[in-house]
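J.: just need the structure, nothing else, for what follows:
(chains A and B)
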Amino acid sequence: MKTPSPLRAAFRQAFSEAWAGGAGVLLPIGFFAGAAMLVPFTVGSEASQLSAIGTGILWVALALASLVSMERVFQADLEDGALELWAQEETPLFLVAAAKMLAHWIVSGLPLVLLTPPIGIALQVDPGALIPAMLAYGLGGLAFFLWGGVAGALAASVARGGLLISLLALPLFVPTAIFGALATIEGPGGPSLLFLAAATMFALAVAPFAASAALRLAVD
Amino acid sequence: MIRAFANPHRFMALSRWLAPACLAVGALLMVWSVWQGLWIVPQDDYQGGDIMRAMFIHVPSAWLAMGSYMGLAATSLIWFVWRHELADMAAKSIAPLGAAYTALCLATGSIWGKPTWGTWWLWDDARMMSVLVMFFLFLGYMALRAAMETRQKAARAGAILAMVGAVNVPLIKFSVDIWSSIHQDASVLRLDGPAMPPVYLTPLLIGGLAHMIFFAGLTMMLMRSEVWRRRGDVLIARKLAGA
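T.: I've put the predicted structure just below:
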């Protein structure tokens, strides 16, 4: 039997892990919704106030929720030896790292984006603005998952590295958060959406290489 | 040229007298600039009276904060490409000093900001945000190094993070600039170098130089202690192997 290519293996593994153990997909969703729902209790429930900060709350919740399951993305592969095999393959490791991060984003990032309209409506945001805003949340979420993936790869060999990942990744989230929040305020016609897309492209160009360098270090 | 500096024996011989010399010269110049700033320089009503004297600590610490991040990135790159151990020791030593200088910059800025702007902290100011983000990058760097099991892994992980951070710093700066310029015009506090009278400028520049020399001395001291620590580890390993 032919062994599957590392890229396909990485994708398949991410999808199977999402359902194994029961909480792979549900954990970020629960965290995302829970964090957003805590806001009306802490800042007050007046509709005008909530609608003013609603899109920003979604950004904060998205940034935090993208880190929830980041610890396991590469650590699991390190523990079961898959990473070591991938490092010896002909397929460049940065492609494997990119595949892992993209698969992880599809599994745990996209559901959050699909969830932004209902939570946004609950936070009194204008429903008409929420559907175009999903593009911004999708782009921004991808950048969060890429930088978070770099942090996760750096902390792969660290036991209980979850908090370390947050400390490493959150400063790197700043440009995405700024452009993303501006883009959701401006709407799809504004320049900030383009800047957000540029920041995401930048992450797409840099993060796989940084993550693969970090993974080589974890394997050694 | 890098190779000439990369020799630990040469470094130890050089830093043995250069480090204390830098500390002494830096401290002297620092005392002079603070003395000028606190007693000699006339107060400037436009910048909030006596409180503008905070400038003689605040501005050098801001320069040093930015410079130390560049130093961290440069030494990390040198280590990553050429694997000169001294470059890693320099990066490891720069990190806590850089974090301290960013903290000093933020603290003195707040103390200056309270009477002049009426607030300890302005989220609208791009410079403050950039320095704050840099502070977290330093903290993350130190936490990552501390979490790694071996020295080699700490050096590699730290170098990767410092370089990723370095390519992000311009992006962070740019994004923060755009963000704040949308909210309000250029900040109240702008240091137009040539527009500043020499009575302020000279002590300020000397102060900046003083902190730079002092910083270099501290970095060399920390690097020396790291060299001694590694030599000690080698001796322990030898002893254990011999016994």
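
J.: list the buried residues in stretch B:138-158.
T.: Across stretch B:138-158, burial judged by 16 or more other CB atoms under 10 Å in any protein chain shown covers B:138-145, B:147-148, B:151, B:153-158. Every C-beta, even on glycine, is put in place using the N, C-alpha and C of the backbone.

J.: same question but for stretch A:157-164, I mixed them up
T.: Neighbour-count burial for stretch A:157-164 [16+ other CB under 10 Å]: A:157, A:158, A:161, A:162, A:164.

J.: pull the CA atoms of it into PDB?
T.: Only the C-alpha atoms of stretch A:157-164 are listed here, as PDB (Å, rounded to 0.1, in the frame of the first residue of the first chain):
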ATOM      1  CA  SER A 157       8.200  20.700  23.100                       C
ATOM      2  CA  VAL A 158       7.100  22.600  26.200                       C
ATOM      3  CA  ALA A 159       4.800  20.800  28.600                       C
ATOM      4  CA  ARG A 160       1.600  22.800  29.400                       C
ATOM      5  CA  GLY A 161       2.700  25.500  26.900                       C
ATOM      6  CA  GLY A 162      -0.800  27.000  26.500                       C
ATOM      7  CA  LEU A 163      -0.200  30.200  28.400                       C
ATOM      8  CA  LEU A 164       3.200  30.600  26.800                       C
END
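
J.: coming back round to it: so which of the buried residues of stretch B:138-158 are in helices?
T.: Among the buried residues of stretch B:138-158, the subset assigned to helices under DSSP state H consists of B:138-145, B:147, B:151, B:153-158.

J.: go back to the buried residues of stretch A:157-164 and keep what's next to chain B.
T.: A:157, A:158, A:161, A:164 (CB under 8 Å from any CB of the partner chain).

J.: closest to chain B among these?
T.: Ranked by distance to chain B (CB to the nearest CB), these are led by residue A:158 at 4.5 Å.

J.: does that closest one really touch residue A:164, like I thought?
T.: Yes. The criterion here is CB atoms under 8 Å, and residue A:158 meets it with residue A:164 at 6.0 Å.

J.: residues from chain A in reach of chain B?
T.: Residues of chain A lying near chain B by CB under 8 Å from any CB: A:150, A:154-155, A:157-158, A:161, A:164, A:167-168, A:170-172, A:174-175, A:178-179, A:182, A:195, A:199, A:202, A:206, A:210, A:213-214, A:217, A:220.

J.: just the buried ones from the residues you listed?
T.: Those of these that meet the buried threshold are A:150, A:154-155, A:157-158, A:161, A:164, A:167-168, A:170-172, A:174-175, A:178-179, A:182, A:195, A:199, A:202, A:206, A:210, A:213-214, A:217, by 16+ other CB under 10 Å.

J.: just to revisit the earlier point, need the residues touching each of residue A:158 and residue A:164.
T.: Here residue A:158 and residue A:164 share the contacting residues residue B:147, scored by CB atoms under 8 Å, 6 or more residues apart in numbering or on different chains.

J.: so how far is residue B:179 from the residue of chain A found nearest chain B?
T.: Per CB to the nearest CB, the residue of chain A with the smallest distance to chain B is residue A:175, at 3.8 Å. Counting by CB to CB, to the nearest Å, the gap from residue A:175 to residue B:179 is 9 Å.

J.: shaky segments in chain B?
T.: For chain B, the stretches with pLDDT under 70 are B:1-5, B:44-48, B:124, B:180-196, B:243.

J.: burial count for the residue of it found nearest chain A?
T.: Chain A sits closest to residue B:175 of chain B, with a gap of 3.8 Å, by CB to the nearest CB. Using other CB atoms under 10 Å in any protein chain shown, residue B:175 has 26 other residues around it.

J.: mind listing the helices for chain A?
T.: A:6-19, A:26-43, A:47-65, A:70-79, A:82-88, A:93-108, A:110-122, A:127-154, A:162-169, A:174-186, A:192-219.

J.: considering these, which stretch scores lowest in mean pLDDT?
T.: In terms of mean pLDDT, the lowest-scoring of the helices of chain A is helix A:6-19 (a mean of 77).

J.: now it against helix A:26-43, angle please.
T.: Relative orientation of helix A:6-19 versus helix A:26-43 (axes from the mean of the first three to the mean of the last three CA atoms, to 10 degrees): 60 degrees.

J.: wait, what's in contact with residue 214?
T.: Just going to use chain A. Residue A:214 is in contact with A:150, A:153, A:154, A:156, B:157, B:160, counting by CB under 8 Å, 6+ apart.

J.: let's do chain B instead
T.: Per CB under 8 Å, 6+ apart, neighbours of residue B:214: B:22, B:23, B:26, B:27, B:30.

J.: of the buried residues of stretch B:138-158, list those near chain A.
T.: Okay, of these touching chain A (CB under 8 Å from any CB), that's B:139, B:140, B:143, B:144, B:147, B:148, B:153, B:156, B:157.

J.: okay but the fifth one is in contact with residue A:155, surely?
T.: Going back to what we said before, that points to residue B:147. Yes. Between residue B:147 and residue A:155 there is a contact under CB under 8 Å: 7.0 Å.
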